[in-house]
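J.: Give me a model of this one.
(chains A, B, C and D)
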Protein chains: 2
Amino acid sequence: MNPSDLEKTAGRYAYDGLDRIIHEKARLSIIASLAGYSEGLLFNELKELCSLTDGNLSRHLAILQEADLVQMWKGTRNKRPQTLARLTAHGRRRFLEYVTRLERVVADASQLTQQPESRATLRPRTA
Amino acid sequence: MNPSDLEKTAGRYAYDGLDRIIHEKARLSIIASLAGYSEGLLFNELKELCSLTDGNLSRHLAILQEADLVQMWKGTRNKRPQTLARLTAHGRRRFLEYVTRLERVVADASQLTQQPESRATLRPRTA
DNA sequence: TTTTTAACTTTATACCGTAAAGTAATGAAG
DNA sequence: CTTCATTACTTTACGGTATAAAGTTAAAAA
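T.: From the prediction side, this is the model:
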């Protein structure tokens, strides 16, 4: 890489759009689940789909609700309390934006598959 | 979602393959940069490309080295110490795996773009 | 009426990302 | 030649947060 390329591409791989709140694995998991079920999912369904513990799911849902990405509905089913979670319109939009950024990461990487592995095992240019 | 679907799809959105070490934004940034430059990148080049501070980059590189995803070469250029970082073969492989998982997240989300927004704003089924 | 189960919530801890401070070595300035 | 500034990092310290463990509330069973 020659130095004159640096300005042109500064921040090229900073991936600014990878929103912290969505990027976190557990929450990405939750949001991706909800994205597939526009009518929402129950607490226990989410727990299974995302392989999360109760406490864990609860906290992440609170964070997502705080950020207005998810809305929660408390109700009862068979005389048991039930919580339904679903994406807000805002959450859906933000998720789509996030995925757009992800697509860039994937695209960046896909050129890589063209390169032969051997080029990665040359000695460094300082040697 | 009916309950009988749960077993079939338990963990469906857990995204187990999203390796913590790679998934972290700053490190994803570093690895994606290095993936594009198989001959490696100098410390300052990485700093620019990823928009990271010195301390930050240093710590993340140490973590990546510890995990055997990146290898570092210390040398001198113009009588100045220079550090060259590059992906290990293992790191390259792991990154490719990671990206494969990302593609799944993107694919999960792409079905979403087909769904009309209005379906997300129906009242919950408990109401 | 005591115990168990279900469905969460709250608390506490340990980890970790980040910025600020520190280090070492070179080069310039006076 | 001695001090100051710069380069190229590394180490330390702090704050935030992900996660598991403990706690809560209410219904159902024993």
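J.: Can you give the distance of the biggest helix by length in chain A from its chain's centre?
T.: Assignment by DSSP state H gives helix A:89-110 as the longest helix of chain A. Counting by Cα atoms, centre = their mean, to the nearest Å, helix A:89-110 is centred 8 Å from the centre of its parent chain.
J.: and the angle for that helix with helix B:89-110?
T.: Computed by axes from the mean of the first three to the mean of the last three Cα atoms, to 10 degrees, the angle separating helix A:89-110 from helix B:89-110 equals 140 degrees.
J.: Let me see the ranges of the strands in chain A.
T.: For chain A, the strands defined by DSSP state E cover A:41-42, A:70-77, A:80-87.
J.: most tightly surrounded among these?
T.: strand A:41-42 (a mean of 22; mean count of other Cβ atoms under 10 Å in any protein chain shown). (C-beta placed from N, C-alpha, C; glycine too.)
J.: so what secondary structure elements neighbour that one?
T.: strand A:80-87 (3 or more Cβ pairs under 8 Å, 6 or more residues apart in numbering or on different chains; DSSP states H and E).
J.: Each with direction, which strands does the strand it packs on pair with?
T.: strand A:41-42 (antiparallel), strand A:70-77 (antiparallel) (DSSP bridges).
J.: Output these as TSV; include the columns mean pLDDT.
T.: Formatted as TSV, the strands paired with strand A:80-87 follow (pLDDT from 0 to 100):
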stretch	mean pLDDT
strand A:41-42	96
strand A:70-77	94
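J.: so which of the ones you listed gets nearest DNA strand C?
T.: DNA strand C sits nearest to strand A:41-42 of all the strands paired with strand A:80-87, at 5.7 Å, using Cβ to the nearest atom of the strand.
J.: How about that closest one and DNA strand C, any contact?
T.: Yes - counting by Cβ under 7 Å from any atom of the strand, DNA strand C has neighbours in strand A:41-42: A:Leu42.
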